[in-house]
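K.L.:
okay, here's the prediction I keep looking at, along with the sequence it came from:
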Amino acid sequence: MKDNQLDEVPTDTDAPESPDADLRTRLARLELEGQENRRLNEKRVILAELKVEALRANMIDLDGLQFLDMSQVHLDDDGSVADNAEIIGRLKRAKPWLFATPSSSSIAKVPPSVPARQKLAREMSDEEYRIARANIIKRSRL
């Protein structure tokens, strides 16, 4: 066989020339499927990382990611999106209506949780003392 024939994928799989040709055809098809799967997985990872960064930047609707030029987005060697914060930042500057603006009004914070302090015996009335003492005795018997 010539070298250029090895690169071609035969389209007629009904009558292969030899078992070698059949194996080469299957190998070429599997390699193409593997490349396609790898490309789809990279696309999913890129989209997931951009969604996370968009949510951090207060994007209102994640459908706004369709305005990004995905041909310029690529994965780093470590598998993360290169400059994803800058990509979302550029989108925020270009299309600010896609992002929520921070409010200038102050938001009251929830007071910190403080455990309830038990009343001391000297702070209780006679009735409260009798009830508390009865509860303590009752718990110690269980």
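P.N.:
That came through, no problem. Numbering: from 1, shown residues only.

K.L.:
what mean pLDDT does the helix ranked longest in the chain have?
P.N.:
Longest helix in the chain by number of residues (criterion: DSSP state H): helix 19-56. Averaged over helix 19-56, pLDDT sits at 90.

K.L.:
what lies in contact with whichever helix or strand comes after it?
P.N.:
Next along the chain after helix 19-56, taking DSSP states H and E as the criterion, comes helix 84-94. By CB atoms under 8 Å, 6 or more residues apart in numbering, the residues outside helix 84-94 that reach it are 49-50, 53-54, 56-57, 59, 64-65, 67-68, 73, 81, 98-99. Just so you know, the C-beta spots here come from the backbone N, C-alpha and C atoms, and that holds for glycine as well.

K.L.:
and helix 84-94, how far out from the chain's middle?
P.N.:
Using CA atoms, centre = their mean, to the nearest Å, the distance from the centre of helix 84-94 to the centre of the chain it belongs to is 18 Å.

K.L.:
let me know the angle separating that helix from helix 19-56.
P.N.:
Angle between the axes of helix 84-94 and helix 19-56 is 60 degrees (criterion: axes from the mean of the first three to the mean of the last three CA atoms, to 10 degrees).

K.L.:
who does the helix or strand following helix 84-94 touch, helix- and strand-wise?
P.N.:
Sequence-wise, the next helix or strand downstream of helix 84-94 (DSSP H and E) is helix 126-141. For helix 126-141, not one helix or strand is in contact under the criterion 3 or more CB pairs under 8 Å, 6 or more residues apart in numbering; DSSP states H and E.

K.L.:
next up, phi/psi of residue 83, please.
P.N.:
phi 60, psi 40 (degrees, to the nearest 10).

K.L.:
all good on my end, thank you.
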